[in-house]
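Asks: This is a predicted model, with the sequence first.
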Amino acid sequence: MPLGGTLTLLSACDYHRGAGGNRVATKKDYYQVLGVPRGASTEEIRKAYRRLAFQCHPDRNHEAGAEARFKEISEAYETLGDTRKRARYDQWDGFGNGRGFEGFDGFVSGLGDIFEAFFAGTAGPRGSRRVPREGADIDCRLFLSFQEAASGCEKEVEVLRAEACSACRGTCAEPGSDVAACPVCGGSGEVGRVQQTFFGRFVNRVVCQRCQGEGIVISKPCRGCQGSGIERRRCTLSVKVPAGVDSGSTIRLRGEGDVGMWGGPPGDLLVAVTVRDHEYFQRDGCDVLYELQLNFAQAALGYQADVPTLDGQVRLNIPAGTQSGEVFRLKDKGIPYLKRSGRGDQLVRVRLVTPEKLNREQRRLFEELGETFGAAQAPQKEGRGLFGRKKGSASSRSAGSDREAT
């Protein structure tokens with residue numbers, strides 16, 4: 001390796017192409033990452049981190065690059081959220097602009113020592129200090145009747161979620177035992193390793209082996225949660241179901257998911273709705289479909305039918321000569337709209353029912369009535385096709401056209 005070159009340590013840096021196509025390192029400004037000024041207080045830094053971490057957490061944000069952005073935010077907070085680390089960062093002006101290398105102290109070791117100094121500990125995990133972490137979302141399923149979904153209701157659901165340990169209240173330590181700063185790293189979660197290299201003395205930061213990067217030492221872990229700080233409990237929650245929900249809808253209950261760690265916000269509860277079928281109603285968007293069965297006499301002479309709706313029975317006037325398949329519309333008798341005022345309609349479709357068994361008197365009457373109608377014949381009117389529709393006409397009235405109910 002030529003001795004006249006410049007070797008630059010790239011820790012948490014980005015690369016870009018400089019003049020002549022050479023790759024050079026550009027440092028990340030942790031203050032810019034969190035969007036705070038250099039003179040920001042500890043509380044301002046903490047609030048900025050929590051806001052950004054909430055937006056970019058991989059469990060919530062599934063966009064490309066969200067996970068990398070979350071790691072970058074956490075890395076910035078690890079440094080700026082700790083008073084000593086922040087002071088050291090400000091002294092070095094981020095990366096390498098201060099007195100990082102103390103000159104050439106002599107040719108002390110070979111290339112093996114150089115590589116060890118630069119790469120030892122850099123591939124391992126960073127300190128896992130107790131920064132706020134949002135709780136996970138949980139989900140459950142809620143079954144509703146047709147009427148409950150249409151009218152809205154309040155239901156209870158039972159969920160199993162992570163909550164703060166009732167014994168240690170989330171501290172992870174047995175009640176009454178000591179929780180102290182790590183005596184090796186002083187609570188920073190990292191220790192410095194001094195290496196003598198060809199280029200001088202170099203201080204490399206590695207994870208503290210005593211506390212595994214936590215920064216604290218628990219002399220006696222909690223027996224109730226095995227030192228995790230959380231426990232799973234079954235709890236019953238009340239869910240307000242808005243009128244008009246349908247199968248496939250999801251109701252979100254903010255803050256009712258798993259508990260957050262180290263002061264992080266809790267997750268949410270996602271309630272998936274399933275609506276059971278009705279005995280005789282069907283749903284089409286926000287319209288309700290109902291089939292009304294009539295006999296020949298009622299359809300021919302006219303009839304006043306009592307039709308069930310979501311609001312109770314209503315009287316529907318069936319005019320004389322009604323055909324099978326005709327549809328009558330009951331305005332505003334359907335299902336409420338979810339995101340605006342108003343309701344759908346109820347559509348009543350008529351179906352003529354042919355009797356399968358007749359007594360003697362009924363048969364005699366039908367025979368006499370049939371003789372008055374004469375024999376059934378195919379349409380003979382010129383210019384009309386099958387079923388009496390005009391040939392080539394797309395606007396012929398069908399048996400299923402809607403009528404306004406009276």
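Replies: Looks like it came in fine.
Asks: Put the alpha carbons of the strand or helix carrying residue 364 into CSV.
Replies: In this assignment (DSSP states H and E), residue 364 forms part of helix 360-373. What follows is helix 360-373 as a C-alpha-only set of coordinates in CSV (Å, rounded to 0.1, in the frame of the first residue of the first chain):
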residue,chain,number,x,y,z
ARG,A,360,-111.0,-29.6,-6.1
GLU,A,361,-112.6,-26.1,-5.8
GLN,A,362,-109.3,-24.4,-6.6
ARG,A,363,-108.7,-26.7,-9.6
ARG,A,364,-112.3,-26.0,-10.9
LEU,A,365,-111.8,-22.2,-10.6
PHE,A,366,-108.4,-22.3,-12.3
GLU,A,367,-109.8,-24.4,-15.2
GLU,A,368,-112.7,-22.0,-15.7
LEU,A,369,-110.3,-19.0,-15.6
GLY,A,370,-107.9,-20.7,-18.0
GLU,A,371,-110.8,-21.2,-20.5
THR,A,372,-111.5,-17.5,-20.5
PHE,A,373,-107.9,-16.7,-21.5
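Asks: Straight-line length of stretch 259-266, end to end?
Replies: One end of stretch 259-266 to the other measures 4 Å (CA to CA, to the nearest Å).
Asks: how close does the spatially most central residue of the chain get to residue 67?
Replies: Per CA atoms, centre = their mean, the C-alpha nearest to the average position across the chain is that of residue 60, at 6.6 Å. To residue 67, residue 60 is 11 Å away according to CB to CB, to the nearest Å. Glycine gets a C-beta too; all of them are placed from N, C-alpha and C.
Asks: Same check on residue 227?
Replies: Computed with CB to CB, the distance linking residue 227 and residue 67 is 27 Å.
Asks: Run through who's touching the helix holding residue 364.
Replies: For helix 360-373, contacts defined as CB atoms under 8 Å, 6 or more residues apart in numbering pick out 355, 358.
Asks: please redo it, this time with the cut-off set to 10 Å
Replies: Residues outside helix 360-373 that contact it (CB atoms under 10 Å, 6 or more residues apart in numbering): 296, 297, 300, 355, 357, 358, 376.
Asks: same deal with stretch 330-337?
Replies: For stretch 330-337, contacts defined as CB under 10 Å, 6+ apart pick out 146, 149-152, 242-246, 281, 283-290, 307, 309-312, 314, 316, 342-348, 404-405.
Asks: which regions of the stretch 51-200 of the chain sit below the pLDDT cut-off?
Replies: Along the stretch 51-200 of the chain, the model assigns pLDDT under 70 to residues 59, 91-131, 196-200.
Asks: typed the wrong thing, it's the stretch 251-400 of the chain
Replies: For the stretch 251-400 of the chain, applying pLDDT under 70 flags the ranges 375-400.
Asks: For it, just list every one of the strands.
Replies: Along the stretch 251-400 of the chain, counting by DSSP state E, counting those that start in this stretch, strands occupy 269-275, 282-284, 287-294, 303-309, 312-318, 327-330, 346-352.
Asks: Can you add mean neighbour count and distance to residue 134 and give those back as TSV?
Replies: Below are the strands of the stretch 251-400 of the chain laid out as TSV (neighbours: other CB atoms under 10 Å; distance: least, CB to CB, whole Å):
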stretch	mean neighbour count	distance to residue 134
strand 269-275	18	14
strand 282-284	15	37
strand 287-294	17	41
strand 303-309	14	46
strand 312-318	14	47
strand 327-330	18	48
strand 346-352	20	45
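Asks: between these, which one is nearest to residue 214?
Replies: strand 269-275 (29.8 Å; CB to CB).
Asks: Residue 147 reaches residue 281, doesn't it?
Replies: Yes: the pair residue 147 / residue 281 is scored as a contact, 8.9 Å apart, by CB atoms under 10 Å.
Asks: Provide the backbone phi and psi angles at residue 222.
Replies: With angles defined as degrees, to the nearest 10, residue 222 sits at phi -60, psi 130.
Asks: ok, it - contacts?
Replies: By CB under 10 Å, 6+ apart, the contact set of residue 222 is 165, 167-175, 177, 228-229, 231.
Asks: Let's see that with 7 Å instead.
Replies: Shown in contact with residue 222 (CB atoms under 7 Å, 6 or more residues apart in numbering): 165, 167, 168, 172, 173, 174.
Asks: For the third one, give its distance to residue 179.
Replies: The spacing between residue 168 and residue 179, counted by CB to CB, is 10 Å.
Asks: which one of those two has more residues nearby?
Replies: Ranked by neighbour count (other CB atoms under 10 Å), residue 168 and residue 179 place residue 168 first, with 24 against 14.
Asks: Point me to the helix or strand that includes the more buried one.
Replies: Going by DSSP H and E, residue 168 is not in any helix or strand.
Asks: Against residue 342, how distant is the nearest residue to it once chain neighbours are set aside?
Replies: Leaving aside its sequence neighbours, residue 168 sits nearest to residue 222 (CB to CB, 6 or more residues apart in numbering; 3.9 Å). In this view, residue 222 and residue 342 are 55 Å apart by CB to CB.
Asks: ok, now residue 212?
Replies: Distance, residue 212 to residue 342, by CB to CB: 60 Å.
Asks: Which one's more surrounded, the two?
Replies: Between residue 212 and residue 342, counted using other CB under 10 Å, the more crowded position is residue 212 (13 against 9).
Asks: And for residue 344, the neighbour number?
Replies: Residues contacting residue 344 under the criterion other CB under 10 Å number 20.
Asks: Settle it for me: which of residue 147 and residue 281 has more neighbours?
Replies: In terms of neighbours (other CB under 10 Å), residue 281 is the more surrounded of residue 147 and residue 281; the figures are 19 against 13.
Asks: Tell me the buried residues in the host helix or strand of residue 51?
Replies: Element membership for residue 51 (DSSP H and E) is helix 42-56. Residues of helix 42-56 classed as buried by neighbour count (16 or more other CB atoms under 10 Å): 45, 46, 48, 49, 50, 52, 53, 56.
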